[in-house]
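compute the structure for the input listed below.
(one chain, ligands or ions: 1)
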Amino acid sequence: MNVTTYKFYMNGEWKESSSQQAIEIYSPYSLDLIGRVQAITREEIDEAISFAQEAQKNWKEVSLQDRAQYLYKWANELMGMQDEIAEIVMKEVGKSLKDAKSEVARTADLIRYTVEEALHMHGESMKGDSFPGGSKSKVAMIERVPLGVVLAIPPFNYPVNLAAAKLAPALISGNAVIFKPATQGAISGIKMIEALHKAGLPKGLVNIVTGRGAVIGDYLVEHKGINMISFTGGTNTGTQLAKKAAMIPLVLELGGKDPGIVCEDADLQEAAKQIISGAFSYSGQRCTAIKRVLVHESVANKLLKILKEEVEKLSVGSPEEGNTVVPLIDTGSADFVQGLIGDALEKGATLVTGNKREDNLIHPTLLDHVTIDMRVAWEEPFGPVLPIIRVSSDEEAIRIANESEFGLQASIFTKDINRAFAIANQIEAGSVQINGRTERGPDHFPFIGVKGSGMGAQGVRKGLESMTREKVTVLNLTK
Ligand SMILES: NC(=O)c1ccc[n+]([C@@H]2O[C@H](COP(=O)([O-])OP(=O)(O)OC[C@H]3O[C@@H](n4cnc5c(N)ncnc54)[C@H](O)[C@@H]3O)[C@@H](O)[C@H]2O)c1
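Purely as a prediction, here's the structure:
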């Protein structure tokens, strides 16, 4: 089979690295070599950042309407390449073709919405006399200005959408971008930049730097030419990054251990449906997957029965056949999930269904009677295993929910809206879903991780705000 070695993109051109080295990318499910990407050098990173700095000087002067046109073209080009990109996403990160296609469409929608939001954002003005001793003759004009060069680091699981969620707000608000895709996801990222190249974006504004995060990551993060970092990925990587970054704004969207809290008055059928799709779609490789269920013991058996039936209906196998539960991204991840299951079973959890493995494919696994001494009660599996923890009160559910190092989202299932709010008010998480699964979308809602789940916010408007700063110009009138 002919395997392509993809070039990296710098100053509007596709280039081979002077390192003469490439990183091999293997499909997580067929285990075939599907392509190679350049392992670029530190000198090339320096060059890419200088090109970005140079290009940004002109770009920030371009009118918002003109910037918008490039981004609209990008969204159109992406849709023109939808099938081609989706095919790569499927092969590279093992997502079903249907989900990969909808990721591309969702990305085009996100780019357009981001542009429209930016077009309708306005600054403000203030008069001095509202502060004691101030005067009407002082008028402050407050506008948002770009930060400079944004370093965009997305994770593997939504290689197109989570990259564009950084690139689009950065570009429309006048920044340049250094885009470091996840290694597994780099070809998808390159394809996405091909669409941007076709849209005619001025050269130098977006440069894609490929290489192992562990090798070039620190160099990028500590680079003096970077003015802001938008990172989505694991809590360990994000925490290390935050320690290394210089005094620049950071947005970190990290891991989660989202609980699904099921009260005894919940519609169990509906709750089970939401929990199953929340926990197992794309094999649980979603930051907002439901990663533990905290169920009132009086309805636990009933819920378990429905969950078991639903889990056993899930389709399992290759993403090429459109299955829901697919092989995990790599062997290390599958070993990790297997380790969490093994630890729970050793400590007395009950296996309801699952715990079968073929290479990177782990069958959907439901564990009952999970207790707080088990690793799976606290650690993020990023795989298809769902622990059920039985609780005796709302207070106990809240306590276990909050004892987690994470605080991304939580779901509460109950028919009593007052009770839902009483629980939601005490949950330490960025968002709480009442009677629905935990999820990132719709993309214009603010998306926030607290505690180990992150810092700062995404979501269309929040993304734009995070990539700009306020600048105040004060007019001192003489009359
Ligand atoms: N909260 C969110 O919005 C969100 C969304 C999706 C995924 N995630 C989280 O992402 C994780 C899974 O993704 P992953 O396995 O790609 O995460 P990861 O932390 O392994 O990698 C994320 C990115 O960081 C890069 N990287 C690695 N080392 C680096 C370093 N030293 N410096 C700079 N960059 C470095 C990687 O190449 C990749 O691009 C899960 O924990 C998941 O919860 C969070």
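
any buried residues in the helix or strand of the chain with the lowest mean pLDDT, and which?
When each helix and strand of the chain is scored by mean pLDDT, DSSP states H and E, helix 213-221 comes last, with a mean of 89. Residues of helix 213-221 classed as buried by neighbour count (16 or more other Cβ atoms under 10 Å): 213, 216, 217, 220, 221. (Each C-beta comes from the backbone N, C-alpha and C, glycine too.)

and which of these is nearest to residue 154?
residue 213 (11.0 Å; Cβ to Cβ).

what residues does the protein put near the ligand?
For the chain, the contact set with the ligand under Cβ under 6 Å from any ligand atom comprises 153, 155-157, 180, 182-183, 213-214, 217-218, 221, 232-234, 237, 241, 253-256, 287, 380, 382, 408, 449, 454.

keep only those of the residues you listed that are in helices.
213, 214, 217, 218, 221, 237, 241 (DSSP state H).

would you turn the residues you listed into a markdown table with distance to residue 334?
Rendered in a markdown table, the data for these read as follows (distance: Cβ to Cβ, whole Å):
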| residue | distance to residue 334 |
| --- | --- |
| 213 | 20 |
| 214 | 20 |
| 217 | 24 |
| 218 | 27 |
| 221 | 29 |
| 237 | 19 |
| 241 | 26 |
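
still on that earlier bit, report the buried members of the residues of the chain next to the ligand.
153, 155-157, 180, 182-183, 213, 217, 221, 232-234, 237, 241, 253-256, 287, 380, 382, 408, 449, 454.

which of those fall in strands?
153, 232, 253, 454 (DSSP state E).

might one say that the third one is in contact with residue 235?
So that's residue 253. No. Residue 253 lies out of contact with residue 235 (Cβ atoms under 8 Å); the separation is 10.3 Å.

shared neighbours, these two?
Common contacts of residue 253 and residue 235 (Cβ atoms under 8 Å, 6 or more residues apart in numbering): residue 453.

so where's the stretch 301-450 of the chain uncertain?
For the stretch 301-450 of the chain, no stretch has pLDDT under 70.

residue boundaries of the helices in it?
Using DSSP state H, counting those that start in this stretch, the helices found in the stretch 301-450 of the chain span residues 331-346, 394-403, 417-424.

can you lay out these as a markdown table showing mean neighbour count?
Shown next, in a markdown table, are these (neighbours: other Cβ atoms under 10 Å):
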| stretch | mean neighbour count |
| --- | --- |
| helix 331-346 | 17 |
| helix 394-403 | 18 |
| helix 417-424 | 15 |
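
with distance to residue 50 added, can I get those helices in CSV?
Formatted as CSV, the helices of the stretch 301-450 of the chain follow (distance: least, Cβ to Cβ, whole Å):
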stretch, distance to residue 50
helix 331-346, 36
helix 394-403, 46
helix 417-424, 48
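
for residue 54, find the nearest of the ones you listed.
If you check each of those against residue 54 by Cβ to Cβ, helix 331-346 wins as the nearest, at 39.6 Å.

give me the distance between that closest one and the centre of its chain.
In terms of Cα atoms, centre = their mean, to the nearest Å, the gap separating the centre of helix 331-346 from the centre of its chain is 24 Å.

who's in contact with that helix?
327-328, 351, 354-355, 357, 359-362, 365, 367, 370, 374-376, 379, 381-385, 387.

alpha carbons only: can I get that helix in PDB?
The C-alpha trace of helix 331-346 is given here as PDB (Å, rounded to 0.1, in the frame of the first residue of the first chain):
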ATOM      1  CA  THR A 331      -2.900  -0.200  23.100                       C
ATOM      2  CA  GLY A 332      -1.800   1.800  26.200                       C
ATOM      3  CA  SER A 333      -5.300   3.300  26.500                       C
ATOM      4  CA  ALA A 334      -6.900  -0.200  26.300                       C
ATOM      5  CA  ASP A 335      -4.400  -1.500  28.900                       C
ATOM      6  CA  PHE A 336      -5.300   1.300  31.200                       C
ATOM      7  CA  VAL A 337      -9.000   0.700  31.000                       C
ATOM      8  CA  GLN A 338      -8.400  -3.000  31.400                       C
ATOM      9  CA  GLY A 339      -6.400  -2.200  34.600                       C
ATOM     10  CA  LEU A 340      -9.300  -0.100  36.000                       C
ATOM     11  CA  ILE A 341     -11.700  -3.000  35.400                       C
ATOM     12  CA  GLY A 342      -9.300  -5.500  36.900                       C
ATOM     13  CA  ASP A 343      -8.800  -3.400  40.000                       C
ATOM     14  CA  ALA A 344     -12.500  -3.000  40.600                       C
ATOM     15  CA  LEU A 345     -13.200  -6.700  40.200                       C
ATOM     16  CA  GLU A 346     -10.400  -7.600  42.600                       C
END
